[in-house]
Structure formats: C-alpha cells, structure tokens
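>>> only the shape, not the letters, is given here:
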DNA sequence: CATGAATGAGCCTTCATTCAT
DNA sequence: TATGAATGAAGGCTCATTCAT
C-alpha cells in the first residue's frame, strides 16, 4: 500500500535542499561584497534568515561553504560553455564570437564580477582553492578556447602562428572588464555592449590569417 | 650651538625617513604575500626589525600604512612611464612597443604581481583606496595610452576607428599575466618573454591601419 | 477491547523501559570514555540508535541522564555485596577475602574503571552527585566493611585496635587499581590476579591479631 | 661605564616572570576547582587580574597552561622526596615512615587534592598529559618506594616476599585520602593525623618480616 | 623616539536544549 | 512517541591598538 516512490525526495529533504541553497546564496552575497576573510558567518546567517549554528548543519566550515559558493556559481557557466562549443555547427569565427558573448554575459551576471575579483585576490592564500579553481575552471576554459583556435587554424580562418598556449591574451579583457566594473564603475562607467563588441572585433583582427 | 640650516634635513629627520621607508617596504612584502586582512602588524614589525608599537609612530593605522605601500610602489612606475612617453622621439608603434615592454618589466618586478592582485581583490572594500588607485594610477595610465593611440592614428600607423576609451582591452593581458603568475605559476608556468612578445604583436596587429 | 490489567505493564510500557535502558547503556559507554563534560548527547543518541531529541523524552537533562547512569551501574554491585555479606556463613577472614575478590571483579568489569575515574574526577563539580554517590554507595560500602571488621574482631581473627572508621585504608588499593588500568595500562600493565591476591594478603596481615 | 651585569635580569624580565607565575597560580585554582574542560580562560584571567589575551603572551594554549600548572605544582614535591631519600641515613622503617609523612603533607597542601583528583579524572582524555604524568611523577615515585622496600628487605626489616612491583597497594590510601577530602569532606571529615598514622602503621605491619 | 606588554572586542565553532512535523 | 533541524549562548583564540616604561 506504500505508494511512496523512493526517488521522490520527502518534503523534509526538499526543505533541506532549499535551505542549503539559501545559505550558499547568502554566502555568495557576503563573500562577494566582503571577501572571504572579512565575511562574518554571522552576517551570512542573518542574510539567510537563520541562526548562526544552522550553517554548520550544512557545511563543515567557513572555507567549505566558500568552496560550495564558487562551485555553484562557476560550474554552470563552464558546463554551458562546453556543451555549446561541442554542439556548435558553424565557422570558428562564429563560434569564437558567440563564445565570447556568452562569456561576457556570464561574467557580468549578478555578483559574478565580485566573485571573480575575490578569487583573483584571495585564491593564492588558500592553496586548495587555487588548485580547485585552476583545475575546474581555468584549465577547462583554456582548453575550450584552444580547441576553437585550432579549428579556426585548420579551416584557414585564423593565422596558424598564434601561440595557442597564450589564451590569456585573448580572454584577459573580459576578466578585466568584470573587475573594472566592480572597482571603478562609479569613476568611469563602461558601456559593456560596445566594449564586448570592440573586444571581439579586436581579437578577430588579431587572429585573422595574414594577407598575401 | 645648533647651526642647523632648516633646508638641509637634520640627521634625525633623515633617520626618520629611512625608518619610515623600512616599514613601508616590510609592509609591502607582507601585504603582497598575505593580503590586507590577513597581514599582521606583528609580522610587519618583525620584518622591519622594529617593535610593534613603533609602526604607530609613523602611521595612523594599518589601513594608512597600506595606502602608503601602494603609493610608494606604484607612483614610480607611473611617473617613469609618463616621463618616458613625453620624451620619446619616434613612431607610435615604437613607443607603444617600448611602453608595453616597460609595463611588463614593472608588473613582474619584485612583488608587484601580488600588489596588483591584492588591489584587484581588496580595493573594493576600501573605497578610499579604490578612489586613490583610480585617480592616481588607472586614469593616468589610461590617458597615457590614449595619447599613444592618438599619435599613432594621426601618423596613420594605427587605424582611427579603434575606440580609445577602451584601453583596458589593450592592457588587460599584462594585468592578467601578473595575476596568473601569482596564482597559477605552479600549475602552469608562463614564459614571460614569449608572452610579452605575443601580446605586443597581437596589439599591433589589432591596431594596424586597415589595408585598402 | 483493551483487557489490559493495570498490574502487568503494557507492551508499550515495557517498550519504554527497554528504550530507557538503551539510552542509559549508551550514556554509560560515552560518559566512561569521554567524561561528563566532553560527552555529546549526539554521540549518546547515535550509540543508542535513536534520535537526539528522544533522549529528552526519557531524561530531563544531560546531568540527570548521568545520574541514572551512575545509579544503574553502581547499585547492583552494592546490593549484591550487601546480600552476600548478610547471607554469608563463615569466618570474617573468609568473608573479607571473598568480599574483596568480588569488589575487584566488579571494579574491573566492563567500563567500571572509567566510571570510577570519572566520578572521582568530576563528582566535586556536581554537588548533588557527590551527595548521591556518598550516601548510596560510599557509606554503604564503608558500613559493610566495618561490619566485617567488627565480626572479625569479635571472633578474635582481627586485632581490635584497628580504627574501623578508616576503611578507606583497606579499600584504597582496589580503587587505585581501577584508575591505574584506565590511565597507565599502556605504560605499565598490571597483573590483576596477582595484584588482587597481594592486596588481600596484605590486608589480612595488617589486620591479623597481634601475636603474644 | 655600563655596570649592568648581564646575569641580573632586568626589571621588565622580572615583572614578566612574576606575571607568568600569577597566571599559573590562577590557573591552578581554576583547574583544581573546575577541572580542565570546565575551566574558562576568562575566569583564569579575572583571577589573575589581567586581560584574557594576556594569557596568550605567556602560554600557547589552554592545554599548555595546564601542563605548566601540573609541572609547577608536582615537580617540587617529587624532587624534594628524591633528595630526602637519597640523603637519608637511617633504617628503612624510618625512611618509609618519613617518606609517607611527607607524602601526606604534600598531598594535602593547598589545592593539591583537587589537582590529583583532576589528573585522575581527566588525564586519560589527554594522552600527552597522561604520558607526562606517568613519566615525570608516577614512575619516579614508584621507583623511590621500590628502593626503600629493597633496602628494608636487605636489612631484614621487611619480609622479602612482598612483590615490589605493586607499590600502588602501599601508596593507594594516601591518594584516596586526598580524593576523599575533596569529595566527601563535608559528609564525613577525616582526621588526617590519625589516618596518616594508621596508614603507616598498617603498611609497616604488612611489610614486617615474618616471625619464625 | 622606541618598545613590547597588555588589552578586549570580535570571530569561528560547538553543543545542550527546544520544537515543528 | 520519535525525530532531527534549528537555535544561540558560550568559549578558545587572534590581533589592531594603546600606553607605561
């Protein structure tokens, strides 16, 4: 008579998952604004609307909460980019264009700029985190871009003498734009659409196969 | 008995200046490695070879010491760049090349990468500092580069349709290289000479006047 | 339908009693190993195979659980000793010998050494418990031993000038052996059979009626 | 002209030593009354009349303070006993008598009973401490007593069939008396002079060479 | 001027107890 | 009844800042 299917999570389990997410989101906000060290778990708790001790029912420590925050916010972007690239049918030029447009969308979503800035600034003091970040995010992105470059070189769209190991040169303006908006938006706002377009255009010019 | 001439600083004043500099240098090392929040004034004192209390004879607070550290380490680079650009006689292409080479030299000198990373990561939490950093360093650099661009456009070396307000696009790879080396050098080392050359070459290609 | 006779406990009441005992046993294990302060009710619950909140359905607080643990584990020993002494037919020498042998058996049973050590170390911080322990266990044991001594003095087996108020002198080696094994077994193990025999022999020599 | 002799500690160093001792003494009081786990460093600080943080200028942690407390309070007793035994000229019976009298004096001095009770109760949860205690105090005491026993056996004062490895049997009543006074003094006070005398007398009877 | 001992506010983490389900 | 999620007070420890020497 028990019609309870084991796959459907109980109401309680659902509630726990929701709560866990609330904490991650609250942590995201706080970490992004305050940075890791300066963030107080008290503030995270207040923002999540829970008691301070509750955080420890879901996470082992401040650091592990931080890892989850990074994970939850960066993985989807990475995965979406990979899937898109794998499925894309079209020229390398088009793919690179769309890939960069998507990168800008992701980087300026919500509090992503803060997250990026925080990781750049504090990762080196948490070797585990730098490790995790490099392996899960950075190298995957690098590889993705390298594949696009190789594709373009094979098709003759891109010059074949650009050193593919220096993908940083191509992506850097996107990262810097995120930091810029975080730090200097009030001093000198950035027209992101124009910036994005200029950046992509600049990259395509720089990669264009040499005339002869 | 004191025939002290007011213009020449007394031995005591010289001594004070030296001491002040020692503290700034020690602070630089510590802030660069640990970041602002994680740096202990105890460590700064030890590194400077003085007592902890002495710091407060020269600086009002941890934060004001930090400001001085930034000031002292970034001003010379900026000033040297400005002087060089003003005095340079030659093509815009050459000037831009040399300017970038100097920028890389400066950025990878000593602990500059850490300083850059730290500013990027923590500046937003110290509005005064972000302010100072923008006004004294960023905008000056931007202006300098814009002048080079305009010069090149006027001489016909560079295409005149690159939006000069987006100098970030041109400089970003240099900033990112500093951060990369700080965070990921152990995961994936960067050949800086090749990187620098590739970057400059890429920029020049991107700015090259259109063929017709 | 319920033909429940009030004198026979219902199945439910039996179940409650069983559950209560499970908790006490789990508490015993944990308190004995960790001590009172260091024991977490969480661990007790896990060991008892129940939820943490359930403990509060059976006990008012951690402290009251502790009292029950002590009560349940020391009463049987005390009662068995009293019954045995009351029923014993034989010489005082024999009775004392057997009484001590039983004491050793009890003291080294299971986790009794830990319980003894814990009471010795922590009882003073729980006046109620010290009270309870003194009234229910200590004084009863003292009285029992005093009765044996008096019996032996009357029968001429023991010298009559041993001050019966100092039964501690006779029992101490047994208590200390329990603590020794708990704390120093790894440093210097104790051959309990030989120790017991030596102790009893020593006591009998010390009590032996003077020669003349 | 500097007449400062390097051996004389400066006033500041003296002050530090005094302060260090104050903290140890305050810690002694608190640990003895509350036990290790229940003692708050706040309370130690208040008792020592200093700020909470000051403790950490002198000790690394609560546990290391505890070690110092034990060290400072137990070492003198141990050393004095060893010196006395080494210098003593007289019979083994006299030596043992005096040794025990001194042991009682030491054990009931100040807060020594509490310290003993605390070590007995909590040592097992701090393996380092149990280790330290066994090596520095227990085994030294055991050895000392064994030497006295051997001396008496050689001189014919004591029977030679008492197993010298079981010195616990001889010393236990002294330890137990300390605990008794701590826990049950209010329920049943102990006349320590009579107790001591009875114990020594009992031990000497038990060790007395057999008549023949 | 220089020192470093002293301070105490502040933060992460734990855990007995409560209570909605 | 039983559960275990939630709470928040409490404690060990850190560190910027002060101040007596």
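That came through, no problem. This one's a predicted model, so the numbers in the text were calculated from it and none came from an experiment.

>>> which residue is nearest the centroid of chain A?
Centroid check for chain A by C-alpha atoms, centre = their mean gives residue A:74 as the closest residue, at 3.8 Å.

>>> so stretch A:62-75, near DNA strand E or not?
Yes - applying C-beta under 7 Å from any atom of the strand, one finds stretch A:62-75 in contact with DNA strand E at A:62-63. To be clear about C-beta, it is placed using only N, CA and C from the backbone, and glycine gets the same treatment.

>>> how distant is that stretch from the center of its chain?
11 Å (C-alpha atoms, centre = their mean, to the nearest Å).

>>> can you pull the buried residues of that stretch?
A:62, A:65-70, A:73-74 (16 or more other C-beta atoms under 10 Å in any protein chain shown).

>>> try stretch A:33-43
By 16+ other C-beta under 10 Å, the buried positions in stretch A:33-43 come out as A:34-37, A:39, A:41, A:43.

>>> is any residue of that stretch near chain B?
Yes - counting by C-beta under 8 Å from any C-beta of the partner chain, chain B has neighbours in stretch A:33-43: A:33-35, A:37-38.

>>> I'd say the residue nearest to the centre of chain A and residue A:137 touch.
Yes - with contact defined as C-beta atoms under 8 Å, residue A:74 counts as touching residue A:137 (5.3 Å).

>>> got the confidence number for whichever residue of chain A sits closest to chain C?
In chain A, the residue that lies nearest chain C is residue A:57 (11.7 Å; C-beta to the nearest C-beta). Reading off the confidence values, residue A:57 has pLDDT 95.

>>> wait, a helix at it?
Yes - counting by DSSP: H, G, I helix; E, B strand; the rest coil, one finds residue A:57 located in a helix.

>>> look up how far residue A:23 lies from the residue nearest to the centre of chain A.
18 Å (C-beta to C-beta, to the nearest Å).

>>> about what we covered before: please give me every residue in contact with the residue nearest to the centre of chain A.
A:115, A:136-137 (C-beta atoms under 8 Å, 6 or more residues apart in numbering or on different chains).

>>> state the distance from whatever residue of chain A ends up closest to DNA strand F to DNA strand E.
Residue nearest to DNA strand F within chain A: residue A:53 (1.7 Å; C-beta to the nearest atom of the strand). Counting by C-beta to the nearest atom of the strand, to the nearest Å, the gap from residue A:53 to DNA strand E is 3 Å.

>>> quick one: what helix or strand has the residue lying closest to residue A:131 once chain neighbours are set aside in it?
Nearest residue to residue A:131 in three dimensions, chain neighbours excluded: residue B:187, at 7.6 Å (C-beta to C-beta, 6 or more residues apart in numbering or on different chains). Following DSSP states H and E, there is no helix or strand that holds residue B:187.

>>> now do the contacts for residue A:164.
Counted by C-beta under 8 Å, 6+ apart, residue A:164 has contacts A:146, A:149-150.

>>> same thing but 10 Å
Going by C-beta atoms under 10 Å, 6 or more residues apart in numbering or on different chains, residue A:164 touches A:142, A:145-150, A:153, A:158, A:170.

>>> how about residue A:79?
By C-beta under 10 Å, 6+ apart, residue A:79 lies in contact with residue A:140.

>>> and residue A:125, what's its pLDDT?
69.

>>> hang on, the earlier thing: just the buried residues from the contacts of residue A:74, in PyMOL please.
Only the buried entries of these go into this PyMOL selection, using 16+ other C-beta under 10 Å:
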select buried, chain A and resi 115+137
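
>>> ok, so of the contacts of residue A:74, who is nearest DNA strand E?
residue A:115 (17.8 Å).

>>> that closest one reaches residue A:107, doesn't it?
Yes - Residue A:115 is within contact range of residue A:107, at 9.5 Å (criterion: C-beta atoms under 10 Å).

>>> overlap of the contact sets of these two?
residue A:178.

>>> and the closest residue to residue A:43 other than its chain neighbours, its phi and psi?
Excluding the flanking residues, the one nearest residue A:43 by C-beta to C-beta, 6+ apart is residue A:30, at 5.3 Å. Backbone geometry at residue A:30, expressed as degrees, to the nearest 10, gives phi -70, psi -50.

>>> compile the residues of stretch A:33-43 next to chain B into a markdown table and extend it with columns for pLDDT, distance to residue B:179 and secondary structure.
Listed next are the residues of stretch A:33-43 next to chain B as a markdown table, based on pLDDT from 0 to 100; distance: C-beta to C-beta, whole Å; DSSP: H, G, I helix; E, B strand; the rest coil:
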| residue | pLDDT | distance to residue B:179 | secondary structure |
| --- | --- | --- | --- |
| A:33 | 81 | 21 | helix |
| A:34 | 82 | 20 | helix |
| A:35 | 82 | 16 | coil |
| A:37 | 83 | 18 | coil |
| A:38 | 84 | 20 | coil |
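
>>> ok, which pair from the residues you listed is furthest apart?
A:33 and A:37 (12.7 Å; C-beta to C-beta).

>>> what about chain A, any weak spots by pLDDT?
Scanning chain A for pLDDT under 70 picks out A:1-10, A:121, A:124-125, A:211-212.

>>> max-length helix in it?
In chain A, assigned by DSSP state H, the helix with the most residues is helix A:62-87.

>>> domain ranges for chain A?
A:1-59, A:70-207 (automatic domain parsing).

>>> start to end distance for stretch A:148-166?
Using C-alpha to C-alpha, to the nearest Å, one end of stretch A:148-166 lies 13 Å from the other.

>>> buried stuff in it?
Buried residues in stretch A:148-166 (16+ other C-beta under 10 Å): A:148-149, A:151-153, A:157-158, A:162, A:164, A:166.

>>> where's the residue nearest to the centre of chain A relative to residue D:159, distance?
81 Å.

>>> do residue A:105 as well
Relative to residue D:159, residue A:105 is positioned 95 Å away (C-beta to C-beta).

>>> need the contact list for residue A:196.
Contacts of residue A:196 (C-beta under 10 Å, 6+ apart): A:100-101, A:103-105, A:107-108, A:173-174, A:177, A:190.

>>> quick one: which of the residues you listed is most hemmed in?
Of all those, the highest neighbour tally under other C-beta atoms under 10 Å in any protein chain shown goes to residue A:173, namely 27 neighbours.

>>> show me what the helix or strand encompassing that residue is packed against.
For residue A:173, the element it lies in under DSSP H and E is helix A:167-184. When contacts are defined as 3 or more C-beta pairs under 10 Å, 6 or more residues apart in numbering or on different chains; DSSP states H and E, helix A:167-184 packs onto helix A:92-107, helix A:112-122, helix A:139-155, helix A:192-207, helix B:112-122, helix B:127-133, helix B:167-184, helix B:192-207.

>>> which of those helices sits closest to residue A:82?
helix A:139-155 (6.2 Å).

>>> just want the angle from the closest one to helix A:62-87.
In terms of direction (axes from the mean of the first three to the mean of the last three C-alpha atoms, to 10 degrees), helix A:139-155 departs from helix A:62-87 by 20 degrees.

>>> hmm, residue A:137 and the residue nearest to residue A:131 touching each other?
No - using C-beta under 10 Å, residue B:187 makes no contact with residue A:137, being 11.8 Å away.

>>> need the overlap of contacts for those two.
Overlap of the contact sets of residue B:187 and residue A:137 (by C-beta under 10 Å, 6+ apart) is empty.

>>> report the contact partners of residue A:193.
residue A:104.
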